[in-house]
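S.K.: Sharing a sequence plus its predicted fold:
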Amino acid sequence: MIEKDYIASVKKQFSQYRILGEKAMEQVPEEMMDWQYNPESNSIATLVKHMAGNMLSRFTNFLTSDGEKEWRNRDAEFENEKLSRNQLTTLWDEGWNCLFDMLNALTPEDLSKTIRIRNENHTVVEAIHRQLTHYASHVGQILFISKMICGSNWKSPSISRGASREFNATKGL
């Protein structure tokens, strides 16, 4: 059934982005989590706060309430602040757990339902795609910032430069 395959597929995609973000952040010294390239750019801490706030807002009562909750303070998510690694991990986990709790409760019949985000109609599939691309872009930012901070100490959480042929060989290619 394609609907079950879809739900399994998005769970896998979200999981892969979560893991990439975590592997990148593990390499960054705690005191650098709030580092910004310039005042207009986001730090890793800011991105974690924003992603967690977005996930909690979008996926709390996903099928029954607007995805932009009244209690969310989106602007505060973009205020750079020094948070401990434990605080950031707690926020990160709360957001992802909320997302996966919703996905685990989702039924194939739910996929054709209409939900609202900022008072705009979205099918459940559209809303999931919207958030998947949103989080992928922010995880990409976390990877890039981590790589800038780590410099030559950076270890790619995916395929390292110059290692494509070796990786492909492990896949039988």
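M.R.: Now that the structure is in, tell me what you want to look at.

S.K.: mind checking how far the spatially most central residue of the chain is from residue 29?
M.R.: Nearest to the geometric centre of the chain sits residue 135, at 3.8 Å (Cα atoms, centre = their mean). To residue 29, residue 135 is 24 Å away according to Cβ to Cβ, to the nearest Å. C-betas here are computed from N, CA, C, even on glycine.

S.K.: Quick check, the residue nearest to the centre of the chain in contact with residue 48.
M.R.: No: taking contacts as Cβ atoms under 8 Å, residue 135 lies outside contact range of residue 48: 11.4 Å.

S.K.: can you give me the helices for the chain?
M.R.: For the chain, helices defined by DSSP state H occupy the ranges 2-26, 44-59, 74-77, 85-105, 124-150, 164-170.

S.K.: So which of those helices is the most surrounded?
M.R.: helix 44-59 (a mean of 23; mean count of other Cβ atoms under 10 Å).

S.K.: Tell me which other helices or strands it touches.
M.R.: helix 74-77, helix 85-105, helix 124-150 (3 or more Cβ pairs under 8 Å, 6 or more residues apart in numbering; DSSP states H and E).

S.K.: Helix or strand with the lowest mean pLDDT in this structure?
M.R.: Within the chain, no helix or strand scores below helix 164-170, which has a mean of 83 by mean pLDDT, DSSP states H and E.

S.K.: coming back round to it: with residue 40 as the reference, name the closest of the helices and strands packed on helix 44-59.
M.R.: Among those, the nearest to residue 40 by Cβ to Cβ is helix 124-150 (13.0 Å).

S.K.: That closest one vs helix 2-26, what angle?
M.R.: In terms of direction (axes from the mean of the first three to the mean of the last three Cα atoms, to 10 degrees), helix 124-150 departs from helix 2-26 by 20 degrees.

S.K.: pLDDT of helix 124-150, averaged?
M.R.: Taken as a whole, helix 124-150 carries a mean pLDDT of 98.

S.K.: Now find how far off-centre that helix is within its chain.
M.R.: Taking Cα atoms, centre = their mean, to the nearest Å, one finds the center of helix 124-150 at 5 Å from the center of the full chain.

S.K.: do the same with stretch 140-158
M.R.: With Cα atoms, centre = their mean, you get 16 Å for stretch 140-158.

S.K.: Using CSV, list the CA coordinates for that stretch.
M.R.: The C-alpha trace of stretch 140-158 is given here as CSV (Å, rounded to 0.1, in the frame of the first residue of the first chain):
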residue,chain,number,x,y,z
GLY,A,140,22.3,21.9,5.7
GLN,A,141,23.1,25.2,7.5
ILE,A,142,24.1,23.3,10.7
LEU,A,143,26.4,21.2,8.6
PHE,A,144,28.0,24.2,6.9
ILE,A,145,28.4,26.2,10.1
SER,A,146,29.9,23.1,11.8
LYS,A,147,32.4,22.6,8.9
MET,A,148,33.4,26.3,9.2
ILE,A,149,34.0,26.0,12.9
CYS,A,150,35.8,22.7,12.8
GLY,A,151,38.0,23.5,9.8
SER,A,152,40.6,20.8,9.1
ASN,A,153,39.2,18.8,12.0
TRP,A,154,35.9,18.3,10.2
LYS,A,155,34.8,14.7,9.7
SER,A,156,32.0,14.4,7.1
PRO,A,157,28.9,12.7,8.5
SER,A,158,28.2,11.4,5.0
